[in-house]
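Peer 1: Next come a sequence and a model predicted from it.
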Amino acid sequence: MIEIKCPRCGEYWYHNDRQEGRARLCSRCADHFQYKRRKRSLIDIPFLIVVVILFYIQVSLIALSLLLPVFAKVMGAYGCLQFAGGMIVLSWLGFSREQGRDAYLSSFTYDTDWKYGRWPLLIVLSGMICIFAAGAFLGFK
């Protein structure tokens, strides 16, 4: 074992290989540089596009509900369909592979993979917004 001084932090660390003429970082400093070198997470463009489309639909339905109150019922039905469909898919994604999908109503394991689960969650939240807005226009208390 040879003693090596890290040129970045100045701490001594030990290693078996002797390599001359090369600055050798300790494992903590090397990990720090590897972390900084990683690519930053990119914005998920398809998810962002769906968010903008759902937002546009909701704003349009709210504006139409202000002009014609019949669109409040359409918005309520649209919100209920979104909410129910999103909850079904979200609960379906929540089961582990060991239990299988046949145990649908018996137990929920909360093993949702949020790479896929964020899509039905977005639809559930969009449905809730439509339901609450329709309730405001229809006078639900």
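Peer 2: Yes, it's here.

Peer 1: From here on, just use CA atoms for contacts and neighbour counts.
Peer 2: Fine.

Peer 1: Around the residue nearest to residue 24 when sequence neighbours are not counted, how many other residues sit close by?
Peer 2: If the residues on either side of it in the chain are set aside, residue 24 comes closest to residue 6, at 6.2 Å by C-alpha to C-alpha, 6 or more residues apart in numbering. By the criterion of other C-alpha atoms under 10 Å, residue 6 has 18 neighbours.

Peer 1: Dihedrals phi and psi, residue 6?
Peer 2: Main-chain torsions, residue 6, degrees, to the nearest 10: phi -70, psi 130.

Peer 1: what sits against it?
Peer 2: The contact partners of residue 6, taken as C-alpha atoms under 8 Å, 6 or more residues apart in numbering, are 12, 13, 23, 24, 25, 26.

Peer 1: how close does it get to residue 14?
Peer 2: 10 Å (C-alpha to C-alpha, to the nearest Å).

Peer 1: after the helix or strand harbouring residue 90, next one along is what?
Peer 2: Residue 90 belongs to helix 70-93 when assigned by DSSP states H and E. Downstream of helix 70-93, the next assigned helix or strand under DSSP H and E is helix 114-138.

Peer 1: just checking, what packs against that next one?
Peer 2: helix 45-67, helix 70-93 (3 or more C-alpha pairs under 8 Å, 6 or more residues apart in numbering; DSSP states H and E).

Peer 1: min pLDDT across the contacts of residue 6, which one?
Peer 2: The member of these with the lowest pLDDT is residue 23, at 60.

Peer 1: Distance of residue 125 relative to residue 58?
Peer 2: Applying C-alpha to C-alpha to residue 125 and residue 58 gives a distance of 11 Å.
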